[in-house]
Structure formats: C-alpha cells, structure tokens
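> what follows is a predicted structure for the sequence shown.
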Amino acid sequence: MKEKYIFQLEMQVRDYECDIQGIVNNSVYQNYLEHTRHEFIKTAGLDFAKLHEEGIDPVVYRVEIDYKLPLKSGDKFISKLNYETNGHVKINFLQDIYRKKDDKLIVRAKVIAVILKNGKPIKSNLFINAFDTLTHKNI
C-alpha cells in the first residue's frame, strides 16, 4: 500500500551528483530531501529569509535515511513528503524518493526538525498552521 503524501516534487539526477560507481552519491540524497522540504515550506506560504530576520529558524535535528536502490545520471525521480508532530516541538518530515520510470522506492527518510527563535527551541505552531492550511487546500 502506498503512503499518503501531501507534497511532491519532480527532479532529475545531474551528472556531477554521481560517484565513480555511476550512481548518486549517498550525501546528495540529503540535498534532494532538503530541496523538497524548502519547496513545501515555500508553498505553505512561509519565507525563510523573512523568518530569519524575525529570529525564527527551522533547523534539522536528526536525519534517518534508508537507501533502497540507487539512482543514476539522467534518472527522473519524484520526492514525496508528509509530516507529523509530537507536541509541536519537533516536526518529523517523512520523505520518500521514487524513481519515476518504474515507481520503485529509492530512499525512505525521516528528517526531524526543530524551530528556533533567537537560538532557543519554540513550539512549531507557525509552521504547523501553515502546513495544515496547505493540506486542507489539497484535499
């Protein structure tokens, strides 16, 4: 059974992202995951630069990645995202990457983020409210 996702982004592997084995280097997947989160957050109506000026910064606390299959140069893929919260202090981004041509799962990741205001953790209500509004628009 497929997971339910609230956001997805299509991308393509670039030559320079591959290692000597001809596959995407493991560290590059974090760039794909981060780009997807940033696009999701922008789509939810939040502006990183403006938030930073107000002293609010989302930061990654932990990343867990399971590498299932490799991507190769030129592969198109879809990065999909959902999220969950636990008391609104941490946001767990549940992210999967699928190869487009055969819908095979490439990467499964859980990225845990916290929201800081002036360097101190705060409840993530601003983000959750924006995400919930976006989610309801997509239903």
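Cool, got the structure.
> quick one: the helices in the protein?
28-43, 48-53, 125-138 (DSSP state H).
> which of the ones you listed is buried the deepest?
Of all these, helix 28-43 has the most neighbours on average by mean count of other C-beta atoms under 10 Å, namely a mean of 18. For the C-beta atoms, the positions are set from N, CA and C on the backbone; glycine is no exception.
> what separates the most centrally placed residue in the chain from residue 12, distance-wise?
The chain has residue 37 as the residue nearest its centroid, 3.4 Å off, counting by C-alpha atoms, centre = their mean. Distance, residue 37 to residue 12, by C-beta to C-beta, to the nearest Å: 19 Å.
> how close does the most far-flung residue of the chain relative to its centre get to residue 107?
Most distant from the centre of the chain: residue 20, at 26.4 Å, with distances by C-alpha atoms, centre = their mean. Distance of residue 20 to residue 107, given as C-beta to C-beta: 20 Å.
> which stretches of the chain form strands?
Along the chain, counting by DSSP state E, strands occupy 7-12, 56-67, 76-86, 90-99, 105-117, 120-122.
> dump the residue contacts of the closest residue to residue 45 other than its chain neighbours.
Take residue 45 and drop its neighbours on the chain: the residue closest to it by C-beta to C-beta, 6 or more residues apart in numbering is residue 130, 5.5 Å away. Contact partners of residue 130, counting by C-beta atoms under 8 Å, 6 or more residues apart in numbering, are 41, 44, 45, 46.
> switch to 6 Å and redo it
When contacts are counted by C-beta atoms under 6 Å, 6 or more residues apart in numbering, residue 130 touches 44, 45, 46.
> low-confidence ranges in this protein?
Scanning the chain for pLDDT under 70 picks out 1-3, 135-139.
> 50 - rerun?
1-2, 139 (pLDDT under 50).
> who's in contact with the closest residue to the residue nearest to the centre of the chain other than its chain neighbours?
Sequence neighbours aside, residue 93 is the residue nearest to residue 37 in space, at 5.7 Å (criterion: C-beta to C-beta, 6+ apart). Shown in contact with residue 93 (C-beta under 6 Å, 6+ apart): 37, 83, 111.
> closest to residue 63 among the residues you listed?
residue 111 (5.2 Å; C-beta to C-beta).
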